[in-house]
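Chemist: here is the input, now give the coordinates:
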Amino acid sequence: KGGLHRHRQLVSYIGDKEMVHKLVTEVAPRYAERPGGYTRILKLGPRHGDNAPMARIELV
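Modeler: Model (predicted):
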């Protein structure tokens, strides 16, 4: 899926053409057959200094 317009949307959102190219050519094909559940969110402890909640987001 996707074409030039979709690619340009990604570049405008991410801001790095090389990263978008890697995302489209290497990462996206690994998840093509997966019906959902692409990410895992792990809650971490609060950040020291301002006590902001922290989390780690992973691609599964």
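Chemist: and the longest helix that the chain contains, which residues are buried?
Modeler: Identified as the longest helix of the chain according to DSSP state H is helix 4-14. Across helix 4-14, burial judged by 16 or more other Cβ atoms under 10 Å covers residue 10. (Glycine included, C-beta is placed from N, CA and C.)
Chemist: now whichever helix or strand comes after that helix, how far from the chain's geometric center?
Modeler: Next in sequence after helix 4-14, counting helices and strands by DSSP states H and E, comes helix 17-22. Relative to the chain's own centre, helix 17-22 is displaced by 12 Å; criterion: Cα atoms, centre = their mean, to the nearest Å.
Chemist: I'd like the next helix or strand past helix 17-22.
Modeler: Later in the chain than helix 17-22, the nearest helix or strand by DSSP H and E is helix 28-30.
Chemist: mind giving me the packing neighbours of the helix or strand that that next one is followed by?
Modeler: The helix or strand immediately downstream of helix 28-30 is strand 39-44, counting by DSSP H and E. Identification of packing neighbours for strand 39-44 by 3 or more Cβ pairs under 8 Å, 6 or more residues apart in numbering; DSSP states H and E yields strand 54-59.
Chemist: mind listing what's buried along the helix or strand of the chain with the lowest mean pLDDT?
Modeler: Ranking every helix and strand in the chain by mean pLDDT, DSSP states H and E puts helix 28-30 at the bottom, with a mean of 89. By neighbour count on 16+ other Cβ under 10 Å, the buried set for helix 28-30 is empty.
Chemist: which helices and strands does that helix pack with?
Modeler: Using 3+ Cβ pairs under 8 Å, 6+ apart, helix 28-30 sits against no helix or strand.
Chemist: now that helix, how far from the centre of its chain.
Modeler: A distance of 12 Å separates the centroid of the chain from that of helix 28-30, by Cα atoms, centre = their mean.
Chemist: before we move on, back to that, so what's the gap between the longest helix of the chain and the chain middle?
Modeler: Centroid displacement of helix 4-14 relative to its chain, using Cα atoms, centre = their mean, is 14 Å.
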